[in-house]
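Trainee: got a sequence here, can you model it:
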Amino acid sequence: MSRATAIASATARIPATCGELLQGVDPGGPLLVSLPVAALGTVEVTLTEDPAIGVLPARPRAGAALRLALGACGWRGGAQARLGGEVPSGRGLGASTIDVAGAICATFAAAARPLDPRALMRLATGVEPSDTSPLPGLWAADHVTARRIRHLGPAPTAWVVAVDAGGQVDTLALHARAGPGPTIPEGELDRLAAAVAAGDLATLGAVATASALRNQDRLPHPALADALAVAADLGAAGLCAAHSGTVLGVICATRTEADGATAALTQRGWAATINRIHAPGAATGVSNAQRCSSVALAPRRRVPAWGVVPGNAKPCPELDGGSIPPP
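Mentor: Coordinates of the predicted model:
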């Protein structure tokens, strides 16, 4: 791509995850609550006058997200996306969401177009089931169609000790074979929301552990029994599982407790890593080659109010040069 064709460039930074606190199907339909951690993946998008669209390295779902974003924000030219690849795929660490949501966020930021949580989730789920990690704080969402989203509150100050069983899981293939997740008991989301609002890590961990146990028939985690024993011995809050991945985590209230869980899991034969729970949401930085002109931008499509959105899920202003602010 020649320098003369570049109009504007933006980089999106999306948090990684350690699976989910809750996933499955409740009376309202598919539901997921991601557990973001203090690790990031990046996507850079450069808008061009040339109509060509490309992604490096080539990943079809990132390419699909890029095309959706270009159409939604009204860009008439082309775009080139570069995926940072910082987070391994197929583990339940949110790598695919980083690629998909990162392409969407960076495209909107480069085009100087606003993007709210509903629109972001709707576009992302147009490609594949999505994590809620691009949104600031902890969110519940219909991860298949984004017909509903709900802001639960801030992420707790806590740590998660993760073990990886190895291999890879394809989210789309798993959903096609086993559905979006097991049945969630009625009232479980409200129980989690109350725990988040109260800073009740014990109840949050109990909800997450129950969700991990329900998912065992759908996607067994070989480390589950060992992780449960370690959590019980240490008095840890509970477990979190990648419901479409190979990672399982022990949720710990302190770094000292996390160190203890790491040592105990290592003694049981599992390589473990510690991450701090952290949910800043997506952030973007914009680099102007020459600012997007009205000639290149088509009239912006109106983003509809996608389905049921609770009153506490407020839209947010521009991502351009910043981050999605908390509601």
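
Trainee: can I get the lowest-mean-pLDDT helix or strand in the chain as CSV, trimmed to CA atoms?
Mentor: In the chain, the helix or strand scored least confidently by mean pLDDT, DSSP states H and E is helix 171-178, which has a mean of 85. Output in CSV follows, covering the C-alpha atoms of helix 171-178 (Å, rounded to 0.1, in the frame of the first residue of the first chain):
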residue,chain,number,x,y,z
THR,A,171,-16.2,-21.3,18.7
LEU,A,172,-18.4,-21.4,15.6
ALA,A,173,-17.9,-25.2,15.3
LEU,A,174,-18.7,-25.8,19.0
HIS,A,175,-21.8,-23.6,18.9
ALA,A,176,-23.0,-25.5,15.8
ARG,A,177,-22.4,-28.9,17.5
ALA,A,178,-23.4,-28.1,21.1
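
Trainee: pull out the buried positions in that helix.
Mentor: Within helix 171-178, the residues that count as buried by 16 or more other Cβ atoms under 10 Å are 171, 174-175. All C-beta spots, glycine's among them, are computed from the backbone N, C-alpha and C.

Trainee: and stretch 71-85, by the same measure?
Mentor: For stretch 71-85, by 16+ other Cβ under 10 Å, it's 72-73, 75, 77-85.

Trainee: sort out for me which of those are in helices.
Mentor: Counting by DSSP state H, the buried residues of stretch 71-85 place 72-73 in helices.

Trainee: nearest to residue 42 among the buried residues of stretch 71-85?
Mentor: When the buried residues of stretch 71-85 are compared for distance to residue 42 (Cβ to Cβ), residue 84 wins out at 3.6 Å.

Trainee: ok, that closest one - contacts?
Mentor: Contacts for residue 84 (Cβ atoms under 8 Å, 6 or more residues apart in numbering) come out as 41-44, 98.

Trainee: closest one to residue 28 out of the residues you listed, please.
Mentor: Among those, residue 98 lies closest to residue 28 (Cβ to Cβ), at 26.8 Å.

Trainee: what distance do you get for residue 116 to residue 274?
Mentor: 34 Å (Cβ to Cβ, to the nearest Å).

Trainee: oh sorry, the question was meant for residue 258
Mentor: Relative to residue 274, and taking Cβ to Cβ, residue 258 is found at 5 Å.

Trainee: neighbour-wise, which of those two wins?
Mentor: residue 258 (24 against 17; other Cβ atoms under 10 Å).

Trainee: what helix or strand is the more buried one located in?
Mentor: helix 255-267 (DSSP states H and E).

Trainee: now the element after the least confident helix or strand of the chain, going C-ward?
Mentor: helix 188-198.

Trainee: ok, then the element right after that following helix?
Mentor: Of the helices and strands lying after helix 188-198 in sequence (DSSP H and E), the nearest is helix 201-214.

Trainee: could you check how many residues crowd around residue 202?
Mentor: Counted with other Cβ under 10 Å, the neighbours of residue 202 add up to 14.

Trainee: quick one, what contacts it?
Mentor: 237-238.

Trainee: mind checking pLDDT for it?
Mentor: Looking at residue 202, its pLDDT is 98.

Trainee: re the thing from before, tell me, what's touching residue 258 and residue 274 both at once?
Mentor: Residues touching both residue 258 and residue 274 (Cβ under 8 Å, 6+ apart) are 159-161.

Trainee: now, these that are in strands?
Mentor: Among the shared contacts of residue 258 and residue 274, the ones falling in strands (DSSP state E) are 159-161.

Trainee: among these, who's most crowded?
Mentor: residue 161 (31 neighbours).

Trainee: wait, that residue sits on residue 272?
Mentor: Yes. Shown here, residue 161 and residue 272 form a contact pair, counting by Cβ atoms under 8 Å, at 5.1 Å.

Trainee: what is in contact with the two at once?
Mentor: In contact with both residue 161 and residue 272: 261-262, 265, using Cβ under 8 Å, 6+ apart.

Trainee: for these, which PyMOL command selects only the ones that are buried?
Mentor: Buried members of the shared contacts of residue 161 and residue 272, defined by 16+ other Cβ under 10 Å, are picked up in PyMOL with:
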select buried, resi 261+262+265
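
Trainee: okay, the shared contacts of residue 161 and residue 272 in JSON lines with distance to residue 217 and pLDDT next?
Mentor: Listed next are the shared contacts of residue 161 and residue 272 as JSON lines, based on distance: Cβ to Cβ, whole Å; pLDDT from 0 to 100:
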{"residue": "261", "distance to residue 217": "25", "pLDDT": "98"}
{"residue": "262", "distance to residue 217": "28", "pLDDT": "98"}
{"residue": "265", "distance to residue 217": "23", "pLDDT": "98"}
